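In: pasting the structure only:
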DNA sequence: CCGAATGTAATGTCAATAGTTACATCGAAA
DNA sequence: TTTCGATGTAACTATTGACATTACATTCGG
């Protein structure tokens, strides 16, 4: 299985806030229009981002803004906020290896550290990219089509 | 979503072949016993590993063996063989960003290279681990419980 | 040719994603 | 203070993939 599109949607949302916050009120309806997904899905993601302290959502009046300096928000923060993998573990392990079997009894001791290394390599790369990078590349792409 | 347990199952299968091939005939039934999953699931994985040239499966008589030197098989080979992610892309992208929107029109140009970097970091780590490492650690874990 | 094992189709269950409707709630502005 | 646009969420649905399970044709050494 792939990592849920909630992640790419969340990054898309931030790119929209960066780009449009001065010209428009950025609402879930507005974001639904840019991403082409349902507004309720956007609101679900926004509430996860809000719970992680990454955005501020104005109730009543409406509108989304970024809650921290862009360079302090990494793709890893966003990835964790939208909770795309269960328990934060990337690899799903078969649940009940046979404890009577020497291999089944030890398979976690054999594999867990290696899987963690792989996951850490991925998360480290996610952590190396900030919303400032996204903003810079967004402006560049829009400027030179 | 997490990466399918087919991957950890496949590694478990190789650990079993290493450990038991001299003492037992390693069949799908045998492997189902050690992993505690259905034999048909094991056979599905075995046929994927066979298609990738990683194992040899004896029809009729039964039994599985490794088709290449252990040091030449990496966890990345296994990961690709069992095809846990669609098109080989780890991140699922929302399908139809709005082409009328400056951000929607450019979101792939903004994000694709970054997502690829993350995926490459993960795959590089997977490629750094071979079945020889698995065999060594399996023997170690079984020897000292 | 017998028997144990593989290959595979078909079916069922379960969980997660994503779409959609509906509505209570909020809060600024008229 | 009422109105109106927006958020927060619950509820229901459709779709998809994972995994279990049954069934059976096929294979091949003994």
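Out: Great, that's in hand. Note that this is a predicted model, so its numbers are computed, not measured.

In: please list the residues of chain A that sit near DNA strand C.
Out: With CB under 7 Å from any atom of the strand as the criterion, chain A comes near DNA strand C at residues A:4-6, A:37-41, A:59-61, A:84, A:86. In this view, the C-beta of every residue, glycine as well, is placed from N, C-alpha and C.

In: and if we set it to 6 Å?
Out: Proximity of chain A to DNA strand C, by CB under 6 Å from any atom of the strand, involves residues A:4, A:5, A:6, A:37, A:38, A:40, A:41, A:59, A:60, A:61, A:84.

In: for PyMOL, what selects the buried ones among those residues?
Out: This is how PyMOL selects the buried members of these, with burial counted by 16 or more other CB atoms under 10 Å in any protein chain shown:
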select buried, chain A and resi 4+5+6+37+41+84
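
In: just give me the closest of the residues of chain A next to DNA strand C to DNA strand D.
Out: Distance to DNA strand D, by CB to the nearest atom of the strand, is smallest for residue A:60 among the residues of chain A next to DNA strand C, at 3.8 Å.

In: how about the strand or helix carrying residue A:106: buried residues?
Out: Here residue A:106 sits within helix A:102-127, counting by DSSP states H and E. Within helix A:102-127, the residues scored as buried using 16+ other CB under 10 Å are A:102-107, A:110-111, A:114-115, A:118-119, A:121-123, A:125-126.

In: would you state the strands of chain A in chain order?
Out: Secondary structure of chain A by DSSP state E: the strands cover A:55-57, A:64-66.

In: elements contacting the first one?
Out: Using 3 or more CB pairs under 8 Å, 6 or more residues apart in numbering or on different chains; DSSP states H and E as the contact criterion, the neighbours of strand A:55-57 among helices and strands are helix A:39-51, strand A:64-66.

In: quick one: residues in contact with the last one.
Out: What that stands for is strand A:64-66. A:13-14, A:17-18, A:21, A:26-28, A:31, A:46, A:54-58, A:73, A:131 (CB atoms under 8 Å, 6 or more residues apart in numbering or on different chains).

In: now do the buried residues in it.
Out: A:64, A:66.

In: how far off centre is it?
Out: Distance, stretch centre to chain centre, for strand A:64-66: 16 Å (CA atoms, centre = their mean, to the nearest Å).
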